[in-house]
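J.: Fold the following, please.
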Amino acid sequence: MYWATSLLLQKFSVNLRITFIHSLPKPNTIPTQLSSFTFPRCSESEFPSSSKPTGSLGCPKLSLMAPPKKSKKNKKDGKLKKCKSSSVAPVEPTAPDSEWWDSFWQKSSSNPGSSLWKDEEEGFKHFFRVSRKTFDYICSIVREDLVSRPPSGLINIEGRLLSVEKQVAIAMRRLASGESQVSVGAAFGVGQSTVSQVTWRFIEALEERAKHHLKWPDSNRMDEIKSKFEASFGLPNCCGAIDGTHIIMTLPTVQASDDWCDPEKNYSMLLQGTVDHELRFLDIVTGWPGGMTLSRLLKCSGLFKLCESGNRLNGNVRTLPEGEIREYVVGGVCYPLLSWLITPYESSGLPASSVSAFNAAHESARSLAVRAFSQLKGTWRILSKFMWRPDKRKLPSIILVCCLLHNIIIDRGDILHPDVALSGHHDSGYGEQCCKQVDPSGRTMRENLVKHWQRSRKTAASD
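T.: Predicted structure coming up:
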């Protein structure tokens with residue numbers, strides 16, 4: 001009787017322990033209910049280097065940040081172990097692979113409209129937006145991450161391993177055209193799933209390896225930018241232009257919350273960018289839902305926090321007869337008037353001719369940001385088309401990589417085709433937002449700029 005009772009108690013204890021373990025939450029489980037503001041993504045330069053990064057962008061840990069990605073180190077370690085256990089040596093060619101292009105060009109040049117390209121080089125830039133030289137440079141950046149090693153290497157429908165060049169071509173064609181994965185795959189002789197894997201591997205690699213192409217300028221570079229703005233627009237100490245745009249998407253019904261629904265009834269994600277005189281992005285922030293206003297997006301950005309705390313746009317102050325002019329950027333009426341963000345006049349007590357002339361100069365400078373977004377969304381058409389049910393945690397990385405590629409084109413001196421940029425406004429169909437917030441120091445700064453502009457015009461007329 002004693003032994004029977006003991007055995008029964010042990011069995012009950014084991015069952016109880018198993019039930020308890022199964023009732024515990026699984027580790028690293030991503031919650032299904034996430035805040036609508038969980039996906040901010042910013043450029044590395046938005047935060048001081050002392051901040052501890054949580055990802056490849058160097059963003060500090062925020063309470064509203066998306067769940068952290070799995071450690072890439074662990075993934076790489078796992079891959080290395082697999083490689084060591086395999087007796088097959090890597091087959092990546094030492095010389096760049098050109099066979100993929102011959103096959104792609106033969107297929108594409110037979111399509112209607114191919115007569116518009118005078119040669120293969122022009123056709124190459126049409127499909128991939130970059131010259132061959134810049135394409136090879138991009139391949140060199142991501143080669144270490146994309147090199148195919150059997151048995152886990154990606155293959156085409158013929159069973160051959162994909163070279164780094166072909167992987168980069170597939171990913172860049174997907175980003176440049178915005179076509180479906182099926183269409184892109186058919187052009188390269190690979191399946192839809194391969195296009196998906198290749199594109200995401202490329203995005204992760206470039207996001208990690210090309211961060212140096214999107215950073216806030218040092219003092220010497222900023223002096224050059226300020227000099228160009230003053231020479232072109234008569235605005236002393238101007239460091240750039242800022243604007244924002246919507247990346248439109250369709251969402252499943254379960255994810256279609258009002259936060260992502262913008263004023264035009266589209267589901268969208270916002271992108272804010274600050275650009276220099278060459279349309280290069282100096283700072284971006286994205287990942288926030290389209291239901292926000294651009295002024296609210298600004299205040300959620302690292303740029304705002306750094307400028308307000310005096311850690312950005314804090315260079316030399318210009319002392320003019322009209323008063324002191326600190327460093328600033330120009331923005332539209334959708335932004336508040338601040339000491340470091342100058343917006344145009346809507347009404348003032350100053351002479352109408354002076355205000356009108358200043359607004360014209362201001363608009364010319366601000367239009368650089370408008371042009372940059374039109375070029376960005378025209379070059380990388382995946383951003384200007386309705387994205388079909390994208391992963392909102394991955395979309396910021398896609399947007400960032402398109403901005404990196406935009407900057408790489410400028411840094412490498414490539415010249416885009418004139419018809420690449422969007423013909424209309426980058427946010428076509430969206431009404432202009434208006435922010436009424438005015439900071440007294442911003443009002444003083446703007447008045448000093450108008451008086452300086454008026455004096456400069458008189459001096460130029462007398463000469």
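J.: In which helix or strand does Gly431 reside?
T.: Element membership for Gly431, per DSSP states H and E: none, as it lies in no helix or strand.
J.: any idea how far Lys299 is from it?
T.: 21 Å (CB to CB, to the nearest Å). For glycine as for every other residue, the C-beta is placed from the backbone atoms N, C-alpha and C.
J.: So for those two, which sits in the more crowded spot?
T.: When Gly431 and Lys299 are compared for neighbours, Lys299 comes out ahead with 15 against 8, by other CB atoms under 10 Å.
J.: wait, is the more buried one part of a strand?
T.: No: using DSSP: H, G, I helix; E, B strand; the rest coil, the assignment for Lys299 is helix, not a strand.
J.: Next, Asn448: phi, psi?
T.: For Asn448, the backbone dihedrals (degrees, to the nearest 10) come out as phi -60, psi -40.
J.: what's around it, how many residues?
T.: Using other CB under 10 Å, Asn448 has 19 other residues around it.
J.: Longest helix in this structure, please.
T.: helix 352-379 (DSSP state H).
J.: Quick check: which element contains the residue most central in space within the chain?
T.: Geometric centre of the chain, nearest residue: Leu400, 2.2 Å, by CA atoms, centre = their mean. For Leu400, the host element (DSSP H and E) is helix 395-411.
J.: Tell me the secondary structure at Ile248.
T.: strand.
J.: mind checking how far it is from Gly429?
T.: Ile248 is 9 Å from Gly429, by CB to CB.
J.: and those two? which has more neighbours close in?
T.: Neighbours per residue (other CB under 10 Å) separate Ile248 from Gly429, with Ile248 holding more: 19 against 10.
J.: And the strands in the stretch 51-200 of the chain?
T.: Applying DSSP state E, counting those that start in this stretch to the stretch 51-200 of the chain gives no strands.
J.: and Phe128, what does it touch?
T.: Phe135, Ala169, Met172, Arg173, Ala176 (CB atoms under 8 Å, 6 or more residues apart in numbering).
J.: Return the per-residue confidence for the last one.
T.: Reading off the per-residue confidence, Ala176 sits at a pLDDT of 95.
J.: Could you measure from it over to Lys107?
T.: Taken as CB to CB, the span from Ala176 to Lys107 is 17 Å.
J.: Compare neighbour counts for those two and give me the winner.
T.: Ala176 (21 against 13).
J.: Number of residues surrounding the residue nearest to the more buried one when sequence neighbours are not counted?
T.: If the residues on either side of it in the chain are set aside, Ala176 comes closest to Arg129, at 5.0 Å by CB to CB, 6 or more residues apart in numbering. The tally of other residues near Arg129 (other CB under 10 Å) stands at 25.
J.: With Val182 instead?
T.: For Val182, the neighbour count with other CB under 10 Å is 10.
J.: need the contact list for it.
T.: Val182 makes contacts with Gln192, as judged by CB under 8 Å, 6+ apart.
J.: and it, how far is that from Arg221?
T.: With CB to CB as the criterion, Val182 and Arg221 are 43 Å apart.
J.: same question, Gly291
T.: For Gly291 relative to Arg221 (CB to CB), the value is 36 Å.
J.: Those two - which one has more neighbours?
T.: Shown here are Gly291 and Arg221; by other CB under 10 Å, Gly291 has more neighbours (18 against 13).
J.: residues contacting that one?
T.: Contact analysis of Gly291 by CB under 8 Å, 6+ apart lists Ser36, Asp258, Asp259, Trp260, Cys261, Asp262.
J.: again, 6 Å this time
T.: Contact analysis of Gly291 by CB atoms under 6 Å, 6 or more residues apart in numbering lists Asp259, Cys261, Asp262.
J.: same deal with Leu279?
T.: Arg371, Ala372.
J.: Quick check: phi and psi on Ser423?
T.: Dihedral angles of Ser423 (phi, psi; degrees, to the nearest 10) stand at phi -70, psi -30.
J.: re earlier: against which helices or strands is the helix holding Leu400 packed?
T.: helix 192-209, strand 281-289 (3 or more CB pairs under 6 Å, 6 or more residues apart in numbering; DSSP states H and E).
J.: Could you tell me the angle between the last one and helix 395-411?
T.: What it means is strand 281-289. Relative orientation of strand 281-289 versus helix 395-411 (axes from the mean of the first three to the mean of the last three CA atoms, to 10 degrees): 160 degrees.
J.: next one: the first one
T.: Going by the same axes, to 10 degrees, helix 192-209 is angled at 60 degrees with respect to helix 395-411.
J.: For helix 192-209, enumerate the helices and strands it packs against.
T.: Looks like helix 192-209 contacts helix 132-146, helix 164-177, helix 181-188, helix 395-411 (3+ CB pairs under 6 Å, 6+ apart).
J.: what does the last one give?
T.: Where contact means 3+ CB pairs under 6 Å, 6+ apart, strand 281-289 is packed against strand 41-42, strand 267-275, helix 395-411.
J.: So what's the residue count around the residue nearest to Ser196 when sequence neighbours are not counted?
T.: Nearest non-adjacent residue to Ser196, counting by CB to CB, 6+ apart: Gln181, 5.7 Å away. Counted with other CB under 10 Å, residues neighbouring Gln181 total 18.
J.: swap in Pro344?
T.: Quick note: Pro344 (other CB under 10 Å) scores 18 neighbours.
J.: Can you give the contact residues for stretch 189-202?
T.: If you take CB under 6 Å, 6+ apart as the criterion, stretch 189-202 is touched by Leu146, Leu154, Asn156, Ile157, Gln167, Ile170, Ala171, Arg174, Gln181, Val182, Val184, Gly185.
J.: For the fifth one, give me its contacts.
T.: Same thing as Gln167. If you count contacts by CB under 6 Å, 6+ apart, Gln167 has them with Leu146, Val198.
J.: Would you mind measuring from it to Arg174?
T.: Distance of Gln167 to Arg174, computed by CB to CB: 11 Å.
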